[in-house]
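Chemist: Provided below for reference: sequence and predicted model.
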Amino acid sequence: MIIIEKDTEFGLPENYNREKLISWLHSCAKKFQIKINQLSISFLDDNGLQQINNEVFNRNYLTDTITLSYRESEGIFSGEIYISLQRVESNARKYHTTYLKELLRVVIHSFLHVIGYEDKTEEQKRRMKCLEDWCLEYYS
């Protein structure tokens with residue numbers, strides 16, 4: 001089950017569609033041949049995400065997303081995704097893309113973390129970027 005929450009007054013992209021996003025994530029899970037038992041996605045502002053970053057990781061800086069992953073068994077995952085809509089919108093301007101495209105990229109990036117992908121090394125970052133691009137092709 002995938003649950004999307006909106007916890008902030010900061011607005012989602014104009015053309016955002018909750019059901020479409022959930023359906024896309026389910027189809028991505030199928031493509032990876034895994035099962036998502038439970039996944040919650042919370043949209044926050046910078047302050048909300050920074051508070052979680054501080055409480056959970058004892059880090060006091062801004063980020064666009066925080067992902068908590070719980071591998072339940074082989075091929076079955078649960079997780080929590082927290083996204084700062086302010087960071088996503090700012091990054092969309094910075095990278096010259098639309099707010100929705102940047103939001104989708106951050107969502108799928110976090111989803112990949114939930115299912116076990118890391119991005120600590122340059123090779124892992126390249127792999128994540130390729131997987132993000134591959135998944136984004138299936139959002140229609």
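Modeler: Arrived safely.

Chemist: Please make it C-alpha for all contacts and neighbour counts, starting now.
Modeler: Fine.

Chemist: So, low pLDDT: which residues of the protein?
Modeler: Counting by pLDDT under 70, the chain has low-confidence residues at 140.

Chemist: middle-most residue in it, spatially?
Modeler: V107 (2.5 Å; Cα atoms, centre = their mean).

Chemist: With K35 as the reference, measure out to that one.
Modeler: For V107, the distance to K35 (Cα to Cα, to the nearest Å) stands at 17 Å.

Chemist: and if you look at V88?
Modeler: 27 Å.

Chemist: more crowded one of the two?
Modeler: Taking other Cα atoms under 10 Å, V88 and K35 do not tie; V88 has more neighbours (26 against 18).

Chemist: got the contact list for that one?
Modeler: D64, Y99, E102, L103, V106 (Cα atoms under 8 Å, 6 or more residues apart in numbering).

Chemist: and those residues, which two are the farthest apart?
Modeler: Within the contacts of V88, D64 and Y99 form the most distant pair, 12.9 Å apart (Cα to Cα).

Chemist: Give me the nearest residue to N15, chain neighbours excluded.
Modeler: Excluding its sequence neighbours, the residue lying closest to N15 (Cα to Cα, 6 or more residues apart in numbering) is L100, at 7.2 Å.

Chemist: For the one you found, I want the exact helix or strand it lies within.
Modeler: helix 99-114 (DSSP states H and E).

Chemist: Not counting the following helix or strand past that helix itself, show me its contacts.
Modeler: Next along the chain after helix 99-114, taking DSSP H and E as the criterion, comes helix 122-136. The contact list for helix 122-136, computed with Cα under 8 Å, 6+ apart, reads C28, L104, R105, I108, H109, L112, Y117, E118, D119.
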